[in-house]
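1. attaching a predicted model along with its sequence, questions to come.
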Amino acid sequence: MKLIILDRDGVINEDSDAFVKSVAEWHPLPGSIEAIARLSKAGWTVAVATNQSGLARGYFTAQTLEAMHQRLRELVAAQGGHVDLIRHCPHGPDDGCDCRKPLSGLFRQIAEHYAVTLDGVPTVGDSLRDLQAGAAVGCQPYLVRTGKGRATEGKSLPAGTRVFDDLAAVASYLLET
């Protein structure tokens, strides 16, 4: 299985410091939907691991979150691809869970779902916590410069982190290697 794990906000869709709270506020980044579809059509299993503390904060409901994810799935399907799995952390920063990145609970959930190890599995994020969560379970971290990525690029990144302009560039790299 060729598995890839993507962050959502800032990688697939525009991020917002005020949170993405509705389907109307959920806007895909240029090239991201096509990139997911290209990976999917080439045999990659596409999983998403996303912190969604807006749930705990009461900014949106679980139904609204599911509607956003359904929109993502529909857009990718319209390009001939498939989003295989989406796992989210609904907790706030002080809730003490093990799934909120930079902890790696979401990644362990994905590994358990597919009954695989994550050694060398590409994970794509725009924040340090995305990369740390994946690296902690053996993933190969990819930083994109979209979302918070340009600011993150100046931080101390996990060893071996590869840096690309956006998800489309990561997809092109993976499909060429």
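-> Good, I have the coordinates. As the structure is a prediction and not an experimental result, all values here were calculated from the model.

2. spit out the contact partners of the residue nearest to E34 when sequence neighbours are not counted.
-> Nearest non-adjacent residue to E34, counting by CB to CB, 6 or more residues apart in numbering: Q79, 5.7 Å away. (Glycine included, C-beta is placed from N, CA and C.) With contact set as CB atoms under 8 Å, 6 or more residues apart in numbering, Q79 has these partners: I33, E34, I36, A37.

3. the residue lying closest to R71 once chain neighbours are set aside: what's it in contact with?
-> Nearest residue to R71 in three dimensions, chain neighbours excluded: V23, at 5.4 Å (CB to CB, 6+ apart). Residues near V23 by CB under 8 Å, 6+ apart: T64, A67, M68, R71.

4. what's the host helix or strand of the second one in contact with?
-> Element membership of A67 [criterion: DSSP states H and E] is helix 62-78. Around helix 62-78, the neighbours that count as contacts under CB under 8 Å, 6+ apart are 8, 12-13, 20-23, 26, 28, 33, 36-37, 40, 46, 48, 52, 54-55, 82-83, 86, 88, 90.

5. repeat that for stretch 162-174.
-> Under CB under 8 Å, 6+ apart, the answer for stretch 162-174 is 4, 6, 11-12, 29-32, 34-36, 38-39, 44, 122, 124, 140-146, 153, 157.

6. all strands for this structure, in order.
-> 2-6, 44-51, 85-89, 122-125, 140-144, 162-164 (DSSP state E).

7. circling back to that earlier point, pull out the buried residues from the contacts of stretch 162-174.
-> Using 16 or more other CB atoms under 10 Å as the burial test, these include 4, 6, 11-12, 29, 31-32, 34-36, 38-39, 44, 122, 124, 140-146, 157 as buried.

8. burial of R57, as a residue count?
-> Using other CB atoms under 10 Å, R57 is surrounded by 12 other residues.
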